[in-house]
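J.: Using only what follows, build the 3D model:
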Amino acid sequence: MTQPPAPTPLVPPGPPAGGAAHPERPRITELRLSAFTGHRRAALPLGPLTLLAGPSGCGKSSALRAYEALARLGAGAALGEAFPDPVACVPERARPDAQRRRGFRIGCTADGPVGPVRLDVAVQAEPHLRVVGERLTAGGLVLLETALRDPGKRAVQAAWHTAGPTPVTHGPLPDDRLGTALLPLRVAGTTPGQRRVLAAAEQMVVALRSVFTCDPDPGRMRGPVPAGSGRLLGGCGNLADVLWRTRAECARRHTQFVAAVRAGCAGPVADVLAEPSADGTVRAVLDRGDGIRTELGRLGDGELRYVALALVLLTGPGVLEVDPAGEVPAALQTLTVLADGLDRGLDPGQRGELLRLAARMCERGHIRLVGAVSDASWAAGTDGVGVVHLKP
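T.: This next block holds a predicted model:
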């Protein structure tokens with residue numbers, strides 16, 4: 001797959017700088033796939049609500065996978081957790097060097113209080129999975145740079161900006177972690193240069209960490225589920241358990257959710273609720289308002305996906321299974337939802353309702369959405385929606 005160097009949005013993806021209406025909230029405004037699966041030199045602009053559009057095989061899912069992997073690395077995960085199948089990330093035509101090494105390169109830009117901050121990472125997938133190069137830059141200044149100097153050691157040599165008596169500090173970092181996420185443990189913050197490094201690293205990490213990858217599976221949503229933590233999983237199979245919690249926690253948000261379900265499901269909908277059973281399980285039902293309650297298992301696949309996606313958009317990190325930055329106030333964080341097959345199984349009415357709901361929620365600044373769709377012509381003209389076209 002080949003990609004244009006800079007795909008052009010059909011509609012600008014929101015306010016300048018990817019959401020300048022909320023400049024205090026760190027957010028990812030560009031995803032770079034320099035050499036990743038079928039992508040070459042791809043720079044994907046990301047606004048508050050972005051649709052990645054294109055036919056099967058154009059790389060929509062792999063772009064979302066790269067974003068999710070960066071998010072895991074930003075949260076401190078090891079490379080093996082972020083890339084469980086690293087060889088699949090290597091471009092197909094990439095040839096190994098004399099030492100049989102092959103890899104891939106990805107990166108992103110995070111905007112926020114300190115301005116745009118760029119992160120670029122080079123990963124070796126074969127013969128050993130490791131970070132072989134990382135660069136964090138802001139305002140044209142390299143704040144952190146790492147390189148693999150000795151292949152026999154499981155460490156990279158790092159250099160970070162100090163701007164004190166010693167302009168640059170050198171030291172080793174593990175080759176299986178993102179150096180940017182480790183900087184707060186290594187940089188004292190005693191000089192203006194060090195504080196600049198820490199501010200840029202914090203902005204990048206906060207922008208990356210709160211990510212919820214969502215692809216509702218109707219087959220897992222139909223039956224009763226055990227009562228659990230009340231945190232929604234990516235496949236939404238525990239939707240009934242989450243409804244049991246959310247209906248009681250916020251009446252206003254639940255009213256909005258019921259209105260969204262009413263607009264996207266056939267027949268009257270007076271309420272959406274969860275019912276406990278004697279065996280400890282919970283089932284979700286639609287209250288039809290006339291004494292009839294319809295189990296969610298009776299709904300069509302499109303209706304179930306619509307209900308789950310609407311609930312995701314109307315909740316937040318406290319309900320979704322995500323890893324927010326606990327040391328940062330929630331008001332300064334933005335949740336990013338990555339939704340593969342966003343329009344899968346939805347009819348035109350459901351697509352339109354879901355997109356309008358997403359646009360309203362993303363406009364507020366606390367949530368962003370990157371969704372993959374095969375054709376985005378139905379989204380044309382919707383305010384606040386950016387479309388990035390990918391080609392095979």
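
J.: make it CA atoms for all contacts and neighbour counts henceforth
T.: Will do.

J.: Show me what the host helix or strand of residue 388 packs onto, helices and strands only.
T.: If you go by DSSP states H and E, residue 388 is part of strand 386-389. Using 3 or more CA pairs under 8 Å, 6 or more residues apart in numbering; DSSP states H and E, the elements in contact with strand 386-389 are strand 49-53.

J.: Just checking: what are the partner strands of the strand it packs on?
T.: strand 367-373 (parallel), strand 386-389 (parallel) (DSSP bridges).

J.: Moving along the chain from that strand, name the first helix or strand you hit.
T.: Counting by DSSP H and E, the element after strand 49-53 in chain order, helix or strand, is helix 60-74.

J.: Following the chain past that following helix, name the next helix or strand.
T.: helix 79-82.

J.: I'd like the distance from that following helix to the chain centre, please.
T.: Relative to its chain's centre, helix 79-82 lies at 16 Å (CA atoms, centre = their mean, to the nearest Å).

J.: That helix - what's its average pLDDT?
T.: Helix 79-82 comes out with an average pLDDT of 97.

J.: ok, back up a step: make JSON lines from the strands paired with strand 49-53 and add distance to residue 293, mean neighbour count and mean pLDDT to it.
T.: Output for the strands paired with strand 49-53, formatted as JSON lines (distance: least, CA to CA, whole Å; neighbours: other CA atoms under 10 Å; pLDDT from 0 to 100):
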{"stretch": "strand 367-373", "distance to residue 293": "32", "mean neighbour count": "24", "mean pLDDT": "96"}
{"stretch": "strand 386-389", "distance to residue 293": "39", "mean neighbour count": "26", "mean pLDDT": "96"}
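
J.: CSV for the ones you listed, including distance to residue 337?
T.: Shown next, in CSV, are these (distance: least, CA to CA, whole Å):
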stretch, distance to residue 337
strand 367-373, 5
strand 386-389, 15
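
J.: just for the stretch 101-250 of the chain, where's the confidence low?
T.: For the stretch 101-250 of the chain, no stretch is flagged by pLDDT under 70.

J.: what about the helices in it?
T.: 179-186, 192-209, 218-221, 239-249 (DSSP state H, counting those that start in this stretch).

J.: Tell me which of the ones you listed sits most buried.
T.: Greatest average neighbour count among these goes to helix 192-209 (a mean of 23), per mean count of other CA atoms under 10 Å.

J.: which residues of the stretch 1-150 of the chain fall in strands?
T.: Per DSSP state E, counting those that start in this stretch, the stretch 1-150 of the chain carries strands over the ranges 27-36, 39-45, 49-53, 102-111, 117-126, 130-138, 141-147.

J.: Now do the second one: which elements does it pack against?
T.: Spelled out, it's strand 39-45. Using 3+ CA pairs under 8 Å, 6+ apart, the elements in contact with strand 39-45 are strand 27-36.

J.: Need the CA coordinates for stretch 384-392. CSV is fine.
T.: Output of stretch 384-392 as CSV, limited to C-alpha atoms (Å, rounded to 0.1, in the frame of the first residue of the first chain):
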residue,chain,number,x,y,z
GLY,A,384,-16.6,19.5,12.9
VAL,A,385,-15.9,16.3,11.0
GLY,A,386,-12.5,15.8,9.3
VAL,A,387,-12.0,13.1,6.7
VAL,A,388,-8.6,11.7,5.7
HIS,A,389,-8.7,9.6,2.5
LEU,A,390,-6.3,6.6,2.3
LYS,A,391,-5.5,4.8,-0.9
PRO,A,392,-4.4,1.2,-1.4
